[in-house]
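In: sequence below, structure please.
(2 chains)
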Amino acid sequence: MQQLFYAILTMAAGVLACVAYFFGTNWILDKIFPSKGLSGAQASKNLRITNAIRPWLFLGPALFALTVYLVYPVIESVWLAFHDKSGQEFVGFRNFIWMVNDGEFRQSIFNNFLWLLVVPAAATFFGLIIAALTDRIWWGNIAKTLIFMPMAISFVGASVIWKFIYDYRAEGSEQIGLLNAIVVAFGGAPEAWITIPFWNNFFLMVILIWIQTGFAMVILSAALRGIPEETLEAAVIDGANGLQIFFKIMIPQIWGTIAVVWTTITILVLKVFDIVLAMTNGQWQSQVLANLMFDWMFRGGGDFGRGAAIAVTIMVLVIPIMVWNIRNARKEMGGH
Amino acid sequence: MIGAARSPLMWVVHLSVLLLVLIWTLPTAGLLISSLRDKDQLAVSGWWTALSSSTRNDVFRAPTAEAQVERDGKFVISGNVRDSDAGTISAFGISSREPVAFKAGETADLSDGAKLTVQADGSFEIVSDTSMEGARGQRIFFTASTPPRFTLDNYREVMNASGIGASFINSLTVAIPSTIIPILIAAFAAYALAWMEFPGRSLLIAVVVGLLVVPLQMSLIPLLKLYNGVGGFLGVPAKTYMGIWLAHTGFGLPLAIYLLRNYMAGLPREIMESARVDGASDFDIFVKIILPLSFPALASFAIFQFLWTWNDLLVAMVFLGTGNNELVLTGRLVNLLGSRGGNWEILTASAFITIIVPLIVFFSLQRYLVRGLLAGSVKGG
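Out: Here you go, the predicted model:
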């Protein structure tokens, strides 16, 4: 009860402080440079001043937060990557040399590429198939909602759900994990799926695909609906069948959206950490970069240099997507 | 689409969608059903058998001859073969080769002339005309079937003992301000970027778009150092709610500004111009006109940010302590996975508690969620 009271109090204080900033600063600005009730020249001069200052009052907190939480860390991480574990002594490329020679790092890079190869492709593929199929049936919206639902579940929650599915009991006893139960029902032998090196990566990927397919589906389904009816009708009149319409008319038209979905999921994959932490914590050769970095930050008191070097690696992998993003946005905003 | 709707292949479409829906919902359904099952049943049988009664084969060793009592001139050993009051005995046997030789209520002849009867409720009697001897008790094999049992016990246990209740409040304390504060800040910034004239505006927009993809992991080490420094300087702990709200704010801002700016830039210019002619300042225009008009975009971002902060593990693990007073639900669940990994009754119930709030938010506000996704990803989609 006391905790609840404290929680509500802190919440109110935090939110109120934020509201007070915007109202307070703008009120002060209007007090110092009033434009109402003054003679023409003075008023327009004050109006010019307030118009020059106000954007920065509006932007202030956002710029502050973006700088402190995103811009500064990027610079600092690069700086730290060239320093020793406490961040004091300059060590040149030693962290990177260590990284390249470290077996676990190479394992993580390899696994990360597997993830990047499989997850965005599979989620986009399933999303597209489901979007195309559900558009044709009367209960399509219900189906979409159910497939979209995992989006709301946390990675940790999803990991528990799937850990239950992969659960393993010794041969002979009744399996309570769905996957092993199916395998046994078809006459196979039960396996401890998430401990099989290499293949366990795919069992972990299934979780992320399960979560992300709904996202891909929603966006691709909107894109499919945006295709003009006339093109489809023309294709039907020309005698195209369903598959031809799908592959030759629809896919080319929504190619841009497919790319957006693909890259969004790619970025997510690079950051994925919770699933590996909760399922295997990198054991049985399932380590990925994000989890490895977390390990190095906190394992044995932490090594900021090595952790930062891994973070920089992740960043470098993201840069092409970032450039592509900015270019796209520029093109879109051309009008403004 | 046109034409295809009447195609004979339509049932293939229905079936494949049904199959996909099943694959996507079964995992969650399994978790929900399991969390409501009796914990002994949960441990020995799959959740898909939850509605059928479970049978188990077991063996019970009757007490030795010392336990016999004399009754009506006969010697009797009695008791119950079941360890708890669950289940019905359907069959029993006296040797491992024929464990189901007799039905419940029948009588078996034992080798030394005594007679054994086992009733359906598990009670048994060994009756002999002469005093029984022997240091070992009779082995009784039996098959018991237990009716399906659903209970809220798992939830009760988890809420009381595992600290889930406290974590629930912690998660709310993290998620609510972490949703409101960035929206407020982003809305003001988005308005400035969309409708106010100042030097460097397009550069700022490009920066925001670029920051959309900065991986969170980049920020952890520098921020941790910064927090430690500030905490030490001000004499306060480095890991506070304040710190995590600001962190979530910083990480959520690029997307928020991007979504809201796109939305606000699409609002009609005339409204703002006529208000300005009437002498309204930008602040008035924003608060009285733009904010109410932007409600759909604000709502969709709010849902996203709430789901994201509620479900977050990484930020909370780094910027909040791991004590009972700070641990959020996701962190608690990870701990349980480590310490109680085999106790599925605890795990399933805890997991369901952590996902129930996002699921409620999701199902009640799904419409806005989809709208927000579309606003950010496909223009004119």
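In: from here on, contacts and neighbour counts on C-alpha atoms
Out: Will do.
In: just give me the neighbour total for residue 177.
Out: Picked chain A for this. Close neighbours of A:Gly177, defined as other CA atoms under 10 Å in any protein chain shown, add up to 21.
In: let's do chain B instead
Out: Neighbour tally, B:Pro177, other CA under 10 Å: 27.
In: ok, now A:Ala41?
Out: For A:Ala41, the neighbour count with other CA under 10 Å is 10.
In: OK, contacts around A:Ala311?
Out: Contact analysis of A:Ala311 by CA atoms under 8 Å, 6 or more residues apart in numbering or on different chains lists A:77, A:290, A:293, B:217-218.
In: narrow those residues to those in helices?
Out: Secondary structure from DSSP state H places A:77, A:290, A:293, B:217-218 of the contacts of A:Ala311 in helices.
In: and the residue of the stretch 251-381 of chain B nearest chain A?
Out: Nearest residue of the stretch 251-381 of chain B to chain A (CA to the nearest CA) works out as B:Asn311 at 4.5 Å.
In: by neighbour count, which of the contacts of A:Ala311 wins?
Out: Among the contacts of A:Ala311, B:Met218 has the most neighbours (other CA under 10 Å), with 31 neighbours.
In: excluding its backbone neighbours, what's nearest that residue?
Out: Using CA to CA, 6 or more residues apart in numbering or on different chains and skipping residues adjacent in sequence, the residue nearest B:Met218 is A:Ala311, 5.2 Å away.
In: okay, buried residues for the helix or strand where the one you found lies please.
Out: Assigned by DSSP states H and E, A:Ala311 falls within helix A:304-332. Buried residues in helix A:304-332, defined by neighbour count with 16 or more other CA atoms under 10 Å in any protein chain shown: A:304-315, A:318, A:321-322, A:325-326, A:329-330.
In: repeat for stretch A:236-251
Out: By 16+ other CA under 10 Å, the buried positions in stretch A:236-251 come out as A:236, A:240, A:245-246, A:249-251.
In: then stretch B:348-366?
Out: B:348-355, B:357-359, B:361-362, B:366.
In: domain parsing for chain A?
Out: Chain A breaks down by automatic domain parsing into domains covering A:2-81, A:94-335.
In: can you put these in JSON lines and add mean pLDDT and distance to B:Phe124?
Out: What follows is the domains of chain A, written out as JSON lines (pLDDT from 0 to 100; distance: least, CA to CA, whole Å):
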{"stretch": "domain A:2-81", "mean pLDDT": "84", "distance to B:Phe124": "54"}
{"stretch": "domain A:94-335", "mean pLDDT": "86", "distance to B:Phe124": "28"}
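In: pick the most buried one from the ones you listed.
Out: Each of those was scored by mean neighbour count; the highest is domain A:94-335, a mean of 19, by mean count of other CA atoms under 10 Å in any protein chain shown.
In: tell me how far it lies from the chain's centre.
Out: Counting by CA atoms, centre = their mean, to the nearest Å, domain A:94-335 is centred 10 Å from the centre of its parent chain.
In: all helices of chain B, in order?
Out: B:10-35, B:39-44, B:153-161, B:164-195, B:201-211, B:216-234, B:241-265, B:269-277, B:282-285, B:291-293, B:295-311, B:314-319, B:329-339, B:344-377.
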